[in-house]
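Engineer: need a structure here:
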Amino acid sequence: MALVGGFPSLREISRRTVRGPINPLDKSTLVSIYPRPIKFKNVTLTPGLWRLEPGNVEKPAILTIGPSSWWRDVGPDEPLIEIAQSSVQIAESLVKDYLNGMFACNMHDSMPGLFFIPGCKTDAHGNPDDKKTRQWIHDEYQHLLAAAVTTQSNYWRNLIRYGDALWARSNGNPLVINDETRLAAKLLGVQDKDWMKDHQNQGQVRCFACGSFKSPDYPICQACHSIDPQHPKAHLIQKAATGPFVGLENKK
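Structural biologist: Numbering: from 1, shown residues only. This is a model prediction of the structure:
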């Protein structure tokens with residue numbers, strides 16, 4: 001080990017990780033219709049950090065990646081040997097490694113809409129063009145997008161079924177319902193679940209008259225229709241409710 005501020009030894013210089021020439025045509029495209037950002041990290045690869053933005057069917061999130069390398073140690077006094085991995089190998093590894101660790105994902109017909117396509121579209125200078133690549137995916141890989149929609153819908157439904165089972169077995173413990181399950185219920189429009197009501201109550205206040213939960217942004221309780229006297233617009237609503245036209249229909 002070299003001292004701080006000292007010159008590196010010949011051994012340290014020979015064992016530095018220096019990448020060889022990179023094939024500029026070796027590109028693959030990660031595609032996601034998953035509505036959450038995805039971060040890939042592999043500390044043994046160079047480069048080893050990627051990020052995908054949230055996507056949907058109309059505008060899938062895409063990320064063009066190239067090859068990466070890892071280094072093989074053959075001896076303490078020997079230089080590290082670079083082992084290059086093509087973009088297809090990296091893309092396949094990233095997708096499988098990320099999905100394999102997700103709850104309710106079976107890697108067959110129930111998983112988030114994440115896949116990869118070999119290649120990409122480039123501009124006049126040879127740089128990846130996201131707009132052209134996205135249109136290319138819609139034109140030539142519509143079947144992969146349709147399959148991703150189906151598997152992701154199954155994934156959301158399975159999460160909701162697991163959420164119901166966990167909620168029943170835990171006697172209504174909100175800690176057993178994760179954010180992914182709540183997102184599934186929200187996307188499929190099944191927010192009438194008891195475990196969703198518990199989540200929706202967060203950030204709400206109780207009505208001073210009936211005790212029901214209500215949003216602090218609205219002055220009138222939905223349950224008993226009482227006006228919250230602490231709300232800044234309460235006096236305006238009370239004034240409108242006691243106006244000159246109130247009660248005329250009863251007199252008729």
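Engineer: Pop the domain breakdown of the chain in here.
Structural biologist: When the chain is parsed into structural domains using automatic domain parsing, the resulting residue ranges are 21-153, 203-244.
Engineer: Show me the helices in the stretch 1-150 of the chain, by range?
Structural biologist: Secondary structure of the stretch 1-150 of the chain, counting by DSSP state H, counting those that start in this stretch: helices at 10-14, 87-100, 130-140, 142-169.
Engineer: surely R182 meets V190?
Structural biologist: No. Using C-beta atoms under 8 Å, R182 makes no contact with V190, being 10.6 Å away. Every residue, glycine included, has its C-beta placed from N, CA and C.
Engineer: of the two, who's got more company?
Structural biologist: Just comparing R182 and V190: by other C-beta atoms under 10 Å the higher neighbour count belongs to R182, 20 against 15.
Engineer: hang on, the earlier thing: the domains of the chain: lowest mean pLDDT?
Structural biologist: Lowest mean pLDDT within the domains of the chain: domain 203-244, a mean of 77.
Engineer: distance of the residue nearest to E180 when sequence neighbours are not counted from L187?
Structural biologist: Nearest-residue entry for E180: L159, 6.2 Å, with adjacent residues in sequence omitted and distances by C-beta to C-beta, 6 or more residues apart in numbering. In this view, L159 and L187 are 10 Å apart by C-beta to C-beta, to the nearest Å.
Engineer: More neighbours: the two, which one.
Structural biologist: A count of neighbours by other C-beta under 10 Å puts L159 above the other of L159 and L187, at 25 against 14.
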